[in-house]
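Undergrad: Dropping the sequence and predicted coords here.
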Amino acid sequence: MYLPKEDLEWDPNTSEGLQRVKEYQKLILYGIQHGAQKPKSLSKLYEVRQGDKETPSAFYERLCEVARKWTDLDPEDDSNSKLFNMLFLGQAAADIRKKLEKVEGEDGMTISELLSIAYKLHIPPETAWESQICLLTEKDPNEEMNISEEVLNAVTPLVWASKIPGRAKNATPVKIELKPGAQPVRKKQHPIKLEAQKGLEPIISSFLEHGLLQECQSECNTPILPVKKPHSSEYRLGFKNSPALFGNVLAKELELWQNDHDAVTLLQYVDDLLIGSDTYEACLEATISLLNFLGLAGYRVSKKKAQIGNKKVHYMGFEITKGQRELSTERKKAICRIAVPTSKKQLRGFLGMAG
């Protein structure tokens, strides 16, 4: 860049003179934007609290926006990661905060890992309902599959999850366009262990094979963060806001499902579905109808996680039945094995574990 200290009588009517004038203008704008210091107010960060109906990612994004506005801290800078993790942990909703504090190793987790766990813990305000029979809630993957032949024979085989990934037929692709003058985001990729590289390879290869990914040359780059699924050698697949985006798309799809029974209730939480009914027959009929609807729309359902036609279902350490929930037997045993708390942090962890 050429910065003159005196009037060099550039002629903007020539290409060379016009180029120098433009460069000079850019330097002036840069100086104005970066020369004046932002008013620093770290206290603003500690005023940000997660709202009752606010998702974890929306809360964290709001925290980052306050940091950009009132401080010179960059949330994307690795040197600030521990501070923002601490702010997220300390100012999240009470139920999420308590449960996150009992997670082993939470101090060393990245914000992506914390958000992933927080999404599973984020439960909107509960509404009691009287229906008794439930469907398709998350189940311990170590438990045996329990789906009747009647259901298996009545639904399309396409609905069951397999090595072929699902693809929602009616979902509109999310297009991200740069604002005028903005530059593509390009973050350096951190080193990935060989084990993680091998674990990610089949996922990427499968998505390339089935057209969900396309190879390209791009100025953009965001780091990949390999996170294993619990009790599995497989790796999670997702990105910031993917649970919210998927949940919104699925909710719109479910509006098109024809529920022929007034006594059947369908509840959705991100990718978990629950059907309630007063009779087993109505529940089974609605289950088959919904599974066929999802399969034909391109969605996939895990056989291992499906709980069909049960009066009591297991979900995230709780047993849900008749509009009520209580700790599961396994969770109670785990709580009983916890040592007597000797510090405030251990006590908070115990209370979070106890719900």
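TA: Nice, I can see it.

Undergrad: burial count for Leu18?
TA: Leu18 is flanked by 13 other residues according to other CB atoms under 10 Å. From N, CA and C alone the C-beta is placed, and that goes for glycine too.

Undergrad: How about it: what's its closest non-neighbour residue?
TA: Pro12 (4.9 Å; CB to CB, 6 or more residues apart in numbering).

Undergrad: SS state for the one you found?
TA: coil (DSSP: H, G, I helix; E, B strand; the rest coil).

Undergrad: Then Lys163?
TA: Applying three-state DSSP: Lys163 is coil.

Undergrad: where does the stretch 101-250 of the chain dip in pLDDT?
TA: Along the stretch 101-250 of the chain, segments meeting pLDDT under 70 span 104-107, 120-145.

Undergrad: related to what we said a few turns ago, wait, doesn't the residue nearest to Leu18 sit right on Lys22?
TA: No - the criterion here is CB atoms under 8 Å, and Pro12 misses it with Lys22 at 9.0 Å.

Undergrad: For this structure, which segments are assigned as helices?
TA: In the chain, the helices defined using DSSP state H lie at 15-35, 56-70, 81-91, 94-101, 111-121, 149-154, 194-209, 242-254, 280-296, 329-336, 344-353.

Undergrad: now these in a markdown table, with distance to Ser302?
TA: Formatted as a markdown table, the helices of the chain follow (distance: least, CB to CB, whole Å):
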| stretch | distance to Ser302 |
| --- | --- |
| helix 15-35 | 50 |
| helix 56-70 | 23 |
| helix 81-91 | 30 |
| helix 94-101 | 24 |
| helix 111-121 | 15 |
| helix 149-154 | 14 |
| helix 194-209 | 16 |
| helix 242-254 | 15 |
| helix 280-296 | 12 |
| helix 329-336 | 20 |
| helix 344-353 | 26 |
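
Undergrad: between those, which gets nearest to Pro165?
TA: Closest of the helices of the chain to Pro165 is helix 194-209, at 6.2 Å (criterion: CB to CB).

Undergrad: how about the closest one: buried residues?
TA: Applying a neighbour-count criterion of 16 or more other CB atoms under 10 Å, one finds Ala196, Gly199 buried in helix 194-209.

Undergrad: What distance do you get for the most centrally placed residue in the chain to Lys228?
TA: For the chain, Pro243 is the residue whose C-alpha lies nearest the centre (CA atoms, centre = their mean; 4.0 Å). Using CB to CB, to the nearest Å, one gets 18 Å for the distance from Pro243 to Lys228.

Undergrad: do the same with Pro75
TA: Where Lys228 is concerned, Pro75 sits at a distance of 25 Å (CB to CB).

Undergrad: Between the two, which has more neighbouring residues?
TA: Using other CB under 10 Å as the criterion, Pro75 and Lys228 rank with Pro75 on top: 19 against 13.

Undergrad: neighbours around the residue nearest to that one when sequence neighbours are not counted, how many?
TA: Setting aside the residues directly before and after it, Pro75 is nearest to Cys64 in space (CB to CB, 6+ apart), at 4.1 Å. Residues lying near Cys64 (other CB under 10 Å) number 20.

Undergrad: Quick check, Cys64 in contact with Leu87.
TA: No - contact between Cys64 and Leu87 fails when scored by CB under 8 Å: they sit 9.8 Å apart.

Undergrad: what's the burial count for the residue nearest to Leu18?
TA: When neighbours are counted by other CB under 10 Å, Pro12 comes out with 11.

Undergrad: distance of it from Gln25?
TA: Taking CB to CB, one finds Pro12 at 11 Å from Gln25.

Undergrad: Then Val227?
TA: Going from Val227 to Gln25 by CB to CB gives 46 Å.

Undergrad: The two: which has the busier surroundings?
TA: Just comparing Val227 and Gln25: by other CB under 10 Å the higher neighbour count belongs to Val227, 17 against 10.

Undergrad: pretty sure that one contacts Ser112?
TA: Yes - Val227 lies in contact with Ser112 (CB under 8 Å); the separation is 7.3 Å.
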